[in-house]
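**Q** no sequence on hand, only this structure:
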């Protein structure tokens, strides 16, 4: 699924990476607020759904090779978070949906969960 479709499904607002929405495709989704949980999974072609607004979410996405980060509950990422997403070229967007709603919508539309790291 292209990021643009995810943006539309989640009625999200793009903060970083508008030019990448038709280029990046994902087929996995993971939701967490504990970044240590994120690092224990395999995220090939994945997107992170989180309530965290600090730079750690983007740093973790970069380390785990996550393709994009979506912040839920209408939260606005910190200025440092947006700057880091731009620097790392990681699409960052926000939705008013809850984490549960966002994941449910993406699951209904074909995204799979992530696997434990082998």
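**A** In hand now; what should we look at? The structure displayed is predicted, hence computed values, not measured ones. Numbers count the residues shown, from 1 in each chain.
**Q** please count neighbours and contacts with C-alpha atoms only from this point.
**A** Fine.
**Q** hang on, isn't residue 69 packed against residue 93?
**A** Yes - taking CA atoms under 8 Å as the definition, residue 69 is a contact partner of residue 93 at 6.5 Å.
**Q** mind checking the SS state of residue 60?
**A** Here residue 60 takes the helix state, with states given by DSSP: H, G, I helix; E, B strand; the rest coil.
**Q** so it makes contact with residue 35?
**A** Yes - the criterion here is CA under 8 Å, and residue 60 meets it with residue 35 at 6.5 Å.
**Q** how distant is the helix or strand hosting residue 81 from the center of its chain?
**A** Using DSSP states H and E, residue 81 sits in helix 79-88. Relative to its chain's centre, helix 79-88 lies at 14 Å (CA atoms, centre = their mean, to the nearest Å).
**Q** contacts for it next, please.
**A** 15-17, 53-59, 62, 91-92 (CA atoms under 8 Å, 6 or more residues apart in numbering).
**Q** same thing but 7 Å
**A** The contact list for helix 79-88 (CA atoms under 7 Å, 6 or more residues apart in numbering) reads 16, 53-55, 58, 91-92.
**Q** also stretch 90-100?
**A** 10-17, 49-50, 67-75, 85.
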